[in-house]
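>>> structure for this input, please:
(2 chains)
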Amino acid sequence: MLYAAQIWLVHAIEQHSPVATLMRTHWAWPIAESLHFIGLSLLVGAIGSFDLRLLGVARRVPIAAMHRLVPWGILGFAINASTGLLFLLTEPDQYLYNPSFHFKVLALGIAGVNAGLFYATSYRQVFGASPSLDAPRRAKVIALVSLTAWITVIVCGRMLTFYRPGDCVGELGLLLTCTPR
Amino acid sequence: MSIDPFLVWLESTPLSEWVVGSPSLLAFPGILALHAIGMGLAAGLAAVLDLRILGVARGVPLIEFRRFRPVLLGGFWLNAVSGVLLLIGYPTKALTNPVFYLKLLLIAVAMGLFVRIDRLIRSGDAAAPATARSLRRLAVTSLVCWGGAITAGRLLAYTYHRLRA
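This next block holds a predicted model:
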């Protein structure tokens, strides 16, 4: 079941990972990490300030004008999805068996669905012909969820190092959080 | 004169031992997480302000964007405090690495640029051609400094030669 799928995925990536050789050259990993942190900052700066605007900070700035920053947050996300994929394809076992990574992916999923909900439910009120300066309550809840989810993503990302999987001994959870021999 | 006795003393203080040795997630891992969040807030909001100056989201009045100033400064102070705690944890690792001083220099320059940018915006004539030109120059320099500071910070994990005194 889930364990088997995890193990299969790790093996599948290990067996044909095109980027592992590149990532194991001297400076590739540190450079990718630096880009990952730059992408993080761009994402927090653009999406975080848009969320804060929805919550009422800088109320006199039209929300639609503030939304012009969002593509830069998406650029930050794209940088991080790409560099993140490089890490994952190089050391799959370090991530796929890591509980901190499981929670990071969960928080990423929540952030994604939440962003979708924003456009599905609040687009017209926020970007319509006569938008109000105050975001609807729904949009404020979504902004709060967004901020919480992204902070969780950062914390889980930073915690990855401290939850590196060891060899499997003892209890197992819903997902494997140790490396099977 | 060697600073080694000072480093030995600092590493033996209870605070340093707690940062490095405590099994609590609030110690070293928690401080690192706060440092990453503060980075996102300070560098991120500074970058967004720079982008705005360079022509992104023109509908956002620069003077109104000053409302985000406390968030940027909050991120900066969060990182000053968490950074000092990390430094107390591993003083030798940081202070014997030239890259650490480069990181501090880049952050100092970036914050200095932010103060100058903010002053120009507050002066109210940000739209005057000469002011707009200097704002753009400051914004580009700021982006370069923040990118450099983040990179230098990340490289600290790969460039140190001494971990403990």
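>>> show me which residues of the longest helix along chain B are buried.
Among the segments of chain B that qualify as a helix by DSSP state H, the longest is helix B:129-159. Neighbour counts over helix B:129-159 (16 or more other Cβ atoms under 10 Å in any protein chain shown) mark B:135, B:138-139, B:141-143, B:145-156 as buried. In short, each C-beta sits where N, CA and C put it, glycine included.
>>> please state the offset of that helix from the chain centre?
11 Å (Cα atoms, centre = their mean, to the nearest Å).
>>> what of stretch A:83-101?
Put simply, stretch A:83-101 sits 13 Å off its chain's centre (Cα atoms, centre = their mean).
>>> one more: stretch A:76-84?
The answer for stretch A:76-84 is 9 Å, by Cα atoms, centre = their mean.
>>> pLDDT on it, on average?
For stretch A:76-84, mean pLDDT is 98.
>>> now residue 165: closest residue in space, sequence neighbours ignored.
This is for chain A. Spatially, and ignoring its direct neighbours in sequence, A:Pro165 is nearest to A:Tyr97 (3.8 Å; Cβ to Cβ, 6 or more residues apart in numbering or on different chains).
>>> you answered for a different chain; I wanted chain B.
Nearest to B:Ala165 is B:Leu7, by Cβ to Cβ, 6+ apart, at 3.7 Å.
>>> ranges for the helices of the chain?
I went with chain A, as the question did not name one. A:2-15, A:20-23, A:28-43, A:49-54, A:63-67, A:70-90, A:92-96, A:99-127, A:137-159.
>>> the chain in question should be chain B.
Counting by DSSP H, the helices of chain B are B:4-12, B:14-21, B:28-53, B:62-65, B:69-89, B:91-95, B:98-122, B:129-159.
>>> residues contacting the first one, please?
Meaning helix B:4-12. B:Ser16, B:Glu17, B:Ile88, B:Pro91, B:Thr92, B:Leu95, B:Arg164, B:Ala165 (Cβ atoms under 8 Å, 6 or more residues apart in numbering or on different chains).
>>> now do it, average pLDDT.
Mean predicted lDDT for helix B:4-12 stands at 95.
>>> can you give me the buried ones in that helix?
For helix B:4-12, the buried set under the neighbour-count rule, 16+ other Cβ under 10 Å, comprises B:Leu7, B:Leu10, B:Glu11.
>>> and that helix with helix B:14-21, angle?
70 degrees (axes from the mean of the first three to the mean of the last three Cα atoms, to 10 degrees).
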